[in-house]
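In: no letters, just coordinates:
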């Protein structure tokens, strides 16, 4: 059973001291169980300090990045944005799905080609049922219009057919019915 972080005085400080102990004396946690429990304990706290500790662990514990970023994805913030972006390269579909959904909730648009490429490749790694969120993320970041894409596709595929465009109302004539 998990403890409620809000019921423990200085919960984040306690977890920080445990992490410091694990770091200072790694021989005490050879199996990594204590670190796993500490990460799990941090996941129960929504405090900024807990997320700061998780971001620190993301940097120092590369083998646990998927686990950590899934926790960070539960509270998408601008502080977590760079870690979510870096996790677009994850091979774990569950992590990718969580990261994409979290990035959709953050009001920030990267315009660097490498980040957009990472998002496209991440979308390709997701199965077809999970891709709509990744497509929505790419649309959000690029301001792309998917309808415009399909209009171009249709025109190329079926050049003899009328273009899939809205019918424009005819321009107002200078003559009115009364004039005729």
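Out: Cool, got the structure. Remember, it's a predicted structure, so these values are computed and weren't measured experimentally. Numbering: from 1, shown residues only.
In: going forward, measure contacts and count neighbours with C-alpha atoms only.
Out: OK.
In: can you get me a residue count around the residue lying closest to residue 110 once chain neighbours are set aside?
Out: Nearest non-adjacent residue to residue 110, counting by Cα to Cα, 6 or more residues apart in numbering: residue 141, 6.6 Å away. Counted with other Cα atoms under 10 Å, residues neighbouring residue 141 total 18.
In: and if you look at the one 3 residues further on?
Out: Here the neighbour count serves as a burial measure; for residue 144 (other Cα under 10 Å) it reads 13.
In: likewise for residue 37?
Out: Residue 37, neighbours per other Cα under 10 Å, totals 11.
In: sec struct for it, please.
Out: What DSSP: H, G, I helix; E, B strand; the rest coil gives for residue 37 is helix.
In: from residue 63, how far off is it?
Out: Using Cα to Cα, to the nearest Å, one obtains 15 Å as the distance from residue 37 to residue 63.
In: where does pLDDT dip in the chain?
Out: 1-6, 177, 179-180 (pLDDT under 70).
In: chain neighbours aside, what residue packs nearest to residue 58?
Out: In space, residue 58 is closest to residue 65, 5.3 Å off (Cα to Cα, 6+ apart).
In: quick one: residues in contact with the helix or strand that neighbour falls within.
Out: Using DSSP states H and E, residue 65 sits in helix 65-73. With contact meaning Cα atoms under 8 Å, 6 or more residues apart in numbering, helix 65-73 is reached by 39, 43, 51, 54-55, 57-58, 80, 83-84, 87, 90, 92, 95, 98-99, 101-102.
In: among those, the buried ones, what's the PyMOL command?
Out: In PyMOL syntax, the buried subset of the contacts of helix 65-73 is picked out as below (16 or more other Cα atoms under 10 Å):
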select buried, resi 39+43+51+54+55+57+58+80+83+84+87+90+95+98+99+101+102
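In: which members of the contacts of helix 65-73 are positioned in strands?
Out: Among the contacts of helix 65-73, no residue falls in strands (DSSP state E).
In: from the contacts of helix 65-73, which land in helices?
Out: Counting by DSSP state H, the contacts of helix 65-73 place 39, 43, 51, 54-55, 57-58, 83-84, 95, 98-99, 101-102 in helices.
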